[in-house]
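Undergrad: Just a sequence and a predicted model for now, questions to come.
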Amino acid sequence: MPSPNEKLAESLDVLKELQQGNRRVFRSDDLSRVHRERLVENGFLQEVMKGWLISSSPDAQPGESTPWHASFWEFCARYCDERFGEQWHLSPEQSIFLHGERTVIPDQLVVHSPKATNNDINLLFGTTLYDLKVAEMPAAEALQARDGLRLFSPAAALVRVPESFFQLYPLEAQVVMASLADASDLLRLLLNGGHSAKAGYLAKAFRQTGRGELADEILRAMKGAGYDVRESSPFEAGQILRKPSRPSAPMVSRVEMLWGSMRGQVLATFPKAPGLPTDKEAYLRFVDEIYRTDAYHSLSIEGYSVNPALVERVRQGGWDPQHDAGDRRNRDALAARGYWQAFQLVKKEVEKVIAGENPAALARAAHNDWYRELFQPCGTAGLLEPGSLAGYRNIPAYLRGSRYVPPRWEAVRDA
C-alpha cells in the first residue's frame, strides 16, 4: 500500500504537468477529487471560488494574500474565457492602466460582455469581478490580447475614455500617449467616429507633452475631413509630467515620470549629501556592519513551482516542511548566500566610488554581475535553470500583503 508521501508525490506529478508554462490557475475538474483534496490539504493549491483553484505555497501563513495577487490577472483571463468565450473585454480605463504598466490589483475589476448578467462576483481578499452586460462587442481591430486579457488597444482606449480621465490619471494617460509611434491609429478612430471634440483635447495633450508633430497631424487630418477642431487641454495645471521628443516604452516613461513628479519631494526630505568619506577603511567597516540588517530586507514570497526533484524527494519521504526547518528555509538559505555574494561585489564597487569613479557608470556596468551572484546559489542547487542567470530575472517576486504586481519581465529590460 502506498505511503502518504508516495500518494502526495503522485498528486504533485499531476500538478507539475498542469503547471507547464508557468500556469497558476486551474479548474477543479482539471484534477481528480483525490488529487485536488490532497493538494489543497498540503497547501499546494488554494480554492478561489467553487470550481476554481490557484497554486499556493505550503509555507504560506494563514491569510497570506500573495498567492492570490500573483494569480489574479491569470484567474480573470481564464475565468472569463471559460464563461464568455471570446465575447468579453476589459474597460478602456483598465486597458490604459495595464498598457501604462499600472499593475496594482483593483478592488473591483469590471468585465464587459454581451453574455454578462450584471453580477458582482466575490473573490479572495476583498476583490470582486463585476460582469457588465453590453449590447455588443467593439470592432475586433479595437482590441488586442495581452497575457490572456482582452484589452482595448492604446489608441482605442485613449479615444474611448472620458476627458476627465486625463485629469484623474495624468500619469497613466501620458505614459500611454508617449508609447504611440505616430497618430495613424488615433486618427483612424477619430475620423471614423467623427470625434472632433476628442481630437481637440488629444491634439492639445500631445502638444503639451512635447509631441507637437502628432498634434499638428491630428488637426490637419480632421480639418481636411471638414471638422471644426479646437484645441483644449484635458489636463489641469501642473499635471504635465514629461515632454518626450520621441516614442518610448511604457515602463521607461512610467519610471521617468514618477521620478520627475517625486524628485522635488525626495530632495526636500533627504539630508545634504555628506560627500565622499575621508576615512576609507572606517567607511568600509561601516558597510560590513550594515550587511547584518540589510540581509533581512528580503520580504518577498513566491509560490512553489513543482519540479521533478521536489516530486522525487516527497516520494522518498525526504521532504517535510512541517517538521524540518531546513525544508522550510531552503530557498531562504540559498537567497541569503546569494545576497552575501552580491554584497561582496557591491562593496568592491563602493571602493571604486570612494576612489573617485563615477557611481552611475559603475552600477550600470556591474549590475548584471550583481544579479548573477544574487541567484547563483539557486542555480547551483538546481532551483533555477542555468539560463536564468543570464540577463535579468523573468520570475517576479511579490511583497507580503501588497496588491502591487511586479511589471512583466519583458518590460524590466526597457526600464
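TA: That came through, no problem.

Undergrad: Now the terminal residues of stretch 147-159, how far apart.
TA: Stretch 147-159 has its terminal residues 23 Å apart, counting by CA to CA, to the nearest Å.

Undergrad: for the record, mean pLDDT for it?
TA: On average, the pLDDT along stretch 147-159 is 97.

Undergrad: Ok, stretch 211-220 next?
TA: Across stretch 211-220, the average pLDDT comes to 96.

Undergrad: quick one: contacts of that stretch?
TA: Residues from elsewhere that reach stretch 211-220, judged by CB atoms under 8 Å, 6 or more residues apart in numbering: 177-178, 180, 182-183, 186-187, 190, 199, 202-204, 206-207, 229, 231, 244-245. (Glycine included, C-beta is placed from N, CA and C.)

Undergrad: Just the buried residues of these.
TA: 177-178, 180, 183, 186-187, 190, 199, 202-204, 206-207, 229, 231, 244 (16 or more other CB atoms under 10 Å).

Undergrad: Which one of the residues you listed is nearest to residue 256?
TA: Checking these against residue 256 with CB to CB, the nearest one is residue 244 at 8.3 Å.

Undergrad: measure that closest one to residue 253 for me?
TA: Using CB to CB, to the nearest Å, residue 244 is found at 7 Å from residue 253.

Undergrad: In CSV, list the C-alpha atoms belonging to stretch 207-216.
TA: Extracted C-alpha coordinates of stretch 207-216, given in CSV (Å, rounded to 0.1, in the frame of the first residue of the first chain):
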residue,chain,number,x,y,z
ARG,A,207,1.4,69.4,-27.8
GLN,A,208,1.6,69.9,-24.1
THR,A,209,3.7,66.7,-23.7
GLY,A,210,6.2,67.6,-26.3
ARG,A,211,4.7,65.7,-29.3
GLY,A,212,3.7,68.8,-31.4
GLU,A,213,4.1,66.9,-34.7
LEU,A,214,1.4,64.5,-33.7
ALA,A,215,-0.9,67.4,-32.6
ASP,A,216,-0.4,69.1,-36.0
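
Undergrad: Flag every buried residue along that stretch.
TA: The neighbour-count check on stretch 207-216 (16+ other CB under 10 Å) flags 207, 208, 209, 210, 211, 214, 215 as buried.

Undergrad: check contacts around the third one.
TA: The reference is to residue 209. Listed by CB under 8 Å, 6+ apart, the contact partners of residue 209 are 174, 177, 178, 240, 242, 243, 244.

Undergrad: what about the strands in the stretch 201-350 of the chain?
TA: Using DSSP state E, counting those that start in this stretch, the strands found in the stretch 201-350 of the chain span residues 300-301.

Undergrad: about what we covered before: shared neighbours, residue 244 and residue 253?
TA: Shared contacts of residue 244 and residue 253, defined by CB under 8 Å, 6+ apart, comprise residue 178.

Undergrad: coming back round to it: closest one of the buried residues of stretch 207-216 to residue 136?
TA: Once CB to CB is applied, the member of these that ends up nearest residue 136 is residue 214, at 30.6 Å.

Undergrad: what's near enough to touch residue 122?
TA: 49, 128.

Undergrad: ok, now with 10 Å
TA: By CB atoms under 10 Å, 6 or more residues apart in numbering, residue 122 lies in contact with 49, 128, 129.

Undergrad: Can you report how many residues lie near the last one?
TA: Looking back up the chat, that one is residue 129. A count of nearby residues for residue 129, using other CB atoms under 10 Å, gives 20.

Undergrad: tell me the contacts of it?
TA: By CB under 10 Å, 6+ apart, the contact list for residue 129 reads 49, 72, 75-76, 79-80, 106, 108-111, 119-123.

Undergrad: hmm, try it at 8 Å
TA: The neighbourhood of residue 129, defined by CB under 8 Å, 6+ apart, consists of 76, 79, 108, 109, 111, 120, 121, 123.

Undergrad: quick one, phi/psi of the fourth one?
TA: The reference is to residue 109. Taking degrees, to the nearest 10, you get phi -100, psi 130 for the backbone angles of residue 109.

Undergrad: Need the per-residue pLDDT for it.
TA: In this model, residue 109 carries a pLDDT of 97.

Undergrad: From residue 155, how far out is it?
TA: Taken as CB to CB, the span from residue 109 to residue 155 is 22 Å.

Undergrad: Surely residue 350 and residue 287 touch.
TA: Yes: between residue 350 and residue 287 there is a contact under CB atoms under 8 Å: 6.1 Å.

Undergrad: what's the distance between residue 347 and residue 111?
TA: 50 Å.

Undergrad: Equivalent analysis for residue 194, please.
TA: 28 Å.

Undergrad: So if I had to pick from those two, which one is more boxed in?
TA: residue 111 (23 against 13).

Undergrad: list the buried ones in stretch 77-93?
TA: 77-80, 83-84, 87-93.

Undergrad: Narrow those to those in strands?
TA: Judged by DSSP state E, the subset of those located in strands is 89, 90.

Undergrad: May I see the buried residues of stretch 77-93 organised as JSON lines, with distance to residue 8 and pLDDT added?
TA: Formatted as JSON lines, those follow (distance: CB to CB, whole Å; pLDDT from 0 to 100):
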{"residue": "77", "distance to residue 8": "30", "pLDDT": "97"}
{"residue": "78", "distance to residue 8": "26", "pLDDT": "97"}
{"residue": "79", "distance to residue 8": "28", "pLDDT": "98"}
{"residue": "80", "distance to residue 8": "32", "pLDDT": "98"}
{"residue": "83", "distance to residue 8": "32", "pLDDT": "97"}
{"residue": "84", "distance to residue 8": "36", "pLDDT": "98"}
{"residue": "87", "distance to residue 8": "40", "pLDDT": "98"}
{"residue": "88", "distance to residue 8": "37", "pLDDT": "98"}
{"residue": "89", "distance to residue 8": "40", "pLDDT": "98"}
{"residue": "90", "distance to residue 8": "38", "pLDDT": "98"}
{"residue": "91", "distance to residue 8": "42", "pLDDT": "97"}
{"residue": "92", "distance to residue 8": "46", "pLDDT": "97"}
{"residue": "93", "distance to residue 8": "44", "pLDDT": "97"}
